[in-house]
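Participant: Any chance you could fold what I've pasted below:
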Amino acid sequence: MNSWMNVGFTVTEDNLLASSIGEHHTSQLSRMKTAINAQLAEFVSDSWPLELDRLVARQSFETWYLQAASKLDLIEGASLLNDHAISPKRKLFESQNAQASAYHQSRAHPVLSSQYIPNAFRTALGNSQVPIKDANSAKPLTLGTSQSAVVAAPDEPNCDSKLSVVLSEYLSQMRLAGKSKDSLSADKLIVEFFVAEFDDPIVGKIATTELKKLELMMVDIPDRINIPKEHLGSLSSRYRYASVNGWDGLKRLTGARIQKGYHSSLSKFFGWLIEKGYYLNNKPIFRYVSPYNLVSLPRDSFSDEEVLEIISMPLFSGCDGSKRIWKPGKFFLQTHLYWAYLLLLLTGLRPGELGQLQIDDFTEKDGIWYLNLRGFDPTKGRVAFKDVTRFKTKNSERVVPLHPLITDLGFLDRVDDLRSAGCPVVFPEWEPYPKPDGEMRWGQPITKSWQYLKTRTSITRKDVTVYSTRHWFADLVDNSDISDRARKRLMGHADKSDIASGYGSKTRLTVRDLSELVNAKSPVIDAMTAKLLAAKSRADAGDLQTFKPWLSRASWSEFYRNKLADADEL
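Facilitator: Below is the predicted model of the structure:
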């Protein structure tokens with residue numbers, strides 16, 4: 001049980017989550033709202049400056065009630081935080097937290113100054129007598145005293161902040177609200193471009209002409225391709241490189257990247273600025289795309305012929321060794337790439353989901369093996385946030401039955417061998433790519449492999465990528481008699497209009513759907529089975545040599561060698 005009683009938070013986790021237990025819990029929900037409302041009332045009356053430990057306690061409470069609301073069903077979760085008695089305090093409280101966090105992160109000196117009063121601490125729901133504590137005096141100040149010249153009028157928005165400072169506040173608040181890292185990364189990139197190219201303007205003084213100029217500049221940001229490494233640090237550095245060196249060898253961004261990415265990010269950001277009172281003009285609208293920006297290529301599914309060509313390559317039929325898997329030879333090596341391609345084709349996994357697969361993610365029930373994609377195993381209790389596997393979306397957590405071809409080819413032998421070797425992951429050879437924000441990108445090994453493999457095949461279409469394996473699996477599912485609800489679950493998709501799918505097991509498939517999937521048959525599946533099992537039969541008969549380099553730690557990635565070495569020392 002968590003409690004923040006030492007800092008004034010007297011509502012416990014068990015008390016709040018009790019409202020989600022039981023068939024009828026209207027009274028518990030009412031008590032939950034009352035408790036949150038009372039705690040918010042206490043926190044929003046905090047004076048400035050806000051001590052760091054108090055800020056941490058407030059942030060814990062904010063994170064916690066958002067999580068508590070998410071555990072309720074959709075309608076009650078919304079009413080919990082948007083209740084007319086709670087919503088004004090909650091919004092002010094979240095603004096205070098974000099502004100205090102941004103200030104603590106950006107201030108240059110260790111002593112708080114009473115000259116800086118964040119906007120959210122100047123106004124408390126119409127109460128003009130908000131206590132403002134001087135950093136050099138224990139005596140509180142109030143607006144309207146002789147000291148009031150230090151701060152703005154209580155109803156005057158704080159429009160004098162630098163754009164970079166407000167961006168920090170925005171990102172902090174959005175992280176607390178649980179917004180996706182990918183979405184926030186896009187927001188951060190384009191606002192930082194604005195900061196760099198317009199000398200970090202004062203938010204309240206941003207002119208319409210500057211916004212129009214920004215809109216025209218965005219279309220001339222080049223893609224990363226052929227940009228020297230030293231100029232890849234930001235959108236601004238790429239933009240300036242193209243401005244100085246011209247466009248020979250460079251590519252412009254796609255219209256979709258500009259419209260769905262940068263335009264959308266700026267629209268959200270300015271909407272937030274207006275809501276918080278930083279920007280007093282109308283919300284700007286960004287529409288412009290240059291005739292020279294590129295058209296996006298829709299991702300297509302692999303054709304059956306292309307799939308058969310891929311699984312006919314030496315990696316699957318007999319290669320020349322662990323370092324020469326695409327050259328024909330006398331070895332049958334079921335390397336991480338061998339299984340990666342087959343899992344992508346026969347489970348519909350996203351490339352980024354492969355590198356995080358755990359040995360314990362594979363379980364058997366009623367004679368069927370499943371890949372259990374979850375952030376953690378709730379049957380074993382709570383885990384720390386740092387130990388939770390991250391997926392693209394919440395709906396990406398799902399259970400996928402393994403096609404019999406995967407088990408027939410011996411995939412479970414790899415799982416058992418790695419478990420016996422004390423390795424908890426399925427692909428210890430994979431080296432993740434760290435993004436600038438520290439998050440790991442897991443799809444690099446298979447993406448790089450495909451970039452090379454496609455040069456060894458006759459596949460020349462530009463609209464297929466390694467992600468096309470997922471589209472091919474979707475076609476396979478569509479050609480079965482599986483239900484639409486089961487299809488969404490298998491693919492990790494959400495349908496917000498399908499309220500019924502929010503009830504019952506979030507992952508379990510019906511017996512009929514299971515039968516349809518595990519017994520899925522088609523001419524291409526039959527051809528794949530014949531080719532792949534023929535190579536395995538040759539290996540079992542000794543015609544092809546086998547060995548298992550992945551069981552040696554020397555073949556593991558540096559990431560996993562270090563991670564598992566640290567675990568061994570505990």
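Participant: Looking at the closest residue in space to residue 544 that isn't next to it in sequence now. What's its pLDDT?
Facilitator: Counting by CB to CB, 6 or more residues apart in numbering, residue 332 is the residue found nearest to residue 544 once chain neighbours are left out, at 3.9 Å. For glycine as for every other residue, the C-beta is placed from the backbone atoms N, C-alpha and C. For residue 332, the pLDDT comes out at 96.
Participant: just the one 5 residues further on next, same as before
Facilitator: Confidence per residue is given as pLDDT, and for residue 337 that number is 96.
Participant: re earlier: might one say that the residue nearest to residue 544 is in contact with residue 546?
Facilitator: Yes - using CB atoms under 8 Å, residue 332 is in contact with residue 546, at 5.1 Å.
Participant: who's more crowded, those two?
Facilitator: Counted by other CB atoms under 10 Å, residue 332 and residue 546 do not tie: residue 332 has more neighbours, with 22 against 12.
Participant: how far away is the more buried one from residue 526?
Facilitator: In this structure, residue 332 lies at 21 Å from residue 526, with CB to CB, to the nearest Å as the measure.
Participant: Now do the strands in this protein.
Facilitator: Per DSSP state E, the chain has strands spanning 131-133, 140-142, 362-365, 368-373, 398-401, 433-434, 440-441. These are given in chain order.
Participant: Please work out which of the ones you listed is packed deepest.
Facilitator: Counting by mean count of other CB atoms under 10 Å, strand 398-401 has the highest mean neighbour count of the strands of the chain, with a mean of 21.
Participant: Strand partners (parallel or antiparallel) of that strand?
Facilitator: Sheet pairing of strand 398-401 (DSSP bridges) gives strand 368-373 (antiparallel).
Participant: Send me the partner strand as PDB with only the CA atoms.
Facilitator: As requested, the backbone C-alpha atoms of strand 368-373 are provided in PDB (Å, rounded to 0.1, in the frame of the first residue of the first chain):
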ATOM      1  CA  ILE A 368      -1.500 -24.800 -28.200                       C
ATOM      2  CA  TRP A 369       1.500 -22.700 -27.800                       C
ATOM      3  CA  TYR A 370       1.000 -18.900 -27.400                       C
ATOM      4  CA  LEU A 371       3.100 -15.800 -27.600                       C
ATOM      5  CA  ASN A 372       2.000 -13.800 -24.600                       C
ATOM      6  CA  LEU A 373       2.800 -10.100 -25.400                       C
END
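Participant: coming back round to it: residue contacts, the residue nearest to residue 544?
Facilitator: Neighbouring residues of residue 332 by CB atoms under 8 Å, 6 or more residues apart in numbering: 318, 319, 535, 536, 538, 539, 544, 545, 546.
Participant: try 6 Å
Facilitator: Taking CB atoms under 6 Å, 6 or more residues apart in numbering as the definition of contact, the neighbours of residue 332 are 318, 539, 544, 546.
Participant: My read is that the first one contacts residue 543, right?
Facilitator: This points to residue 318. No - Residue 318 lies out of contact with residue 543 (CB atoms under 6 Å); the separation is 8.6 Å.
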